[in-house]
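*Asks:* build me a model from this:
(one chain, ligands or ions: 3)
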Amino acid sequence: MQGRETRGLNPKLKKTVVLVGMMGAGKSAVGRALASALNVPFRDSDAEIEKAANMTIAEIFARDGEAFFRRKETQVIERLLDARPAVLSTGGGAYMTEGNRSMITQKGVAVWLDADLKVLWGRVRHKDTRPLLRTPDPLATLNEIYERRVPVYALADLAVKSEQGLSIDAMARKVIETLKTRPDVLEES
Ligand SMILES: Nc1ncnc2c1ncn2[C@@H]1O[C@H](COP(=O)(O)OP(=O)(O)OP(=O)(O)O)[C@@H](O)[C@H]1O
Ligand SMILES: O=C(O)C1=C[C@@H](O)[C@@H](O)[C@H](O)C1
Ligand SMILES: [Mg+2]
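*Replies:* Numbering: from 1, shown residues only. Ligands and ions are numbered 1, 2, ... in the order given. The predicted model follows:
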């Protein structure tokens, strides 16, 4: 997406934008559109872990457990933060660890994609790929995870509200507008 906001302006990304938030917030989908608009690489920690293991996340959780997955997630995020500025979408649980949070804010900028429970459920309910939601009552589980995590996501450097009906490209444009408030992150030239 090379939108009106970026065409001809050539904004320069100086730090990696790390998207954090709940499952279904749009970190992967919006992250891809954002990277394309800013003309920087797109990385996704979940996809990197799956590629390295040659297994899906559900398979990794089942075979090696969540603690193993979390260790891999931290390693992948650390490696990707040391590369040139990019858009990095994280898994929904990555921002819960204090070590991950401080590493992200030190080397990049954390942007919380803040969607409410109804929007999230509408996006994740038809998919069986998220092991944490494989419970007898996945909506109740999503609600519990949401209540527990929201205060932590709120610690992110920046937040962008994801409203119902806002397209992926529109959301990426909204993130760019928010990044423009931080010239140390996005320099307009
Ligand atoms: N703004 C949006 N408008 C419409 N659909 C969206 C929007 N954002 C995301 N989606 C859709 O919702 C689904 C979940 O989005 P996505 O996979 O990007 O979430 P995520 O935050 O990466 O979740 P996870 O933490 O599980 O990786 C996808 O099908 C995606 O296309
Ligand atoms: O919210 C979570 O803890 C998760 C979200 C996904 O992105 C994956 O990282 C995995 O399914 C765990
Ligand atoms: Mg994702």
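*Asks:* list the residues that contact Ala170.
*Replies:* Under the criterion of CB atoms under 8 Å, 6 or more residues apart in numbering, Ala170 has no neighbours. Just so you know, the C-beta spots here come from the backbone N, C-alpha and C atoms, and that holds for glycine as well.
*Asks:* below-threshold pLDDT in this structure: ranges please.
*Replies:* For the chain, applying pLDDT under 70 flags the ranges 1-9.
*Asks:* which parts of it sit against ligand 1?
*Replies:* When proximity is defined by CB under 6 Å from any ligand atom, the chain lies next to ligand 1 at 21, 23-30, 46, 89, 91-92, 123, 130, 162, 166-168, 171.
*Asks:* nearest residue to the residue of the chain found nearest ligand 3 other than its sequence neighbours?
*Replies:* Residue of the chain nearest ligand 3, by CB to the ion: Ser28 (3.3 Å). Spatially, and ignoring its direct neighbours in sequence, Ser28 is nearest to Ser89 (4.9 Å; CB to CB, 6 or more residues apart in numbering).
*Asks:* same question for Thr56.
*Replies:* In space, and not counting its chain neighbours, Thr56 is closest to Glu50: 5.9 Å by CB to CB, 6+ apart.
*Asks:* burial measure for Ala83, as a count.
*Replies:* Residues near Ala83, counting by other CB atoms under 10 Å, number 11.
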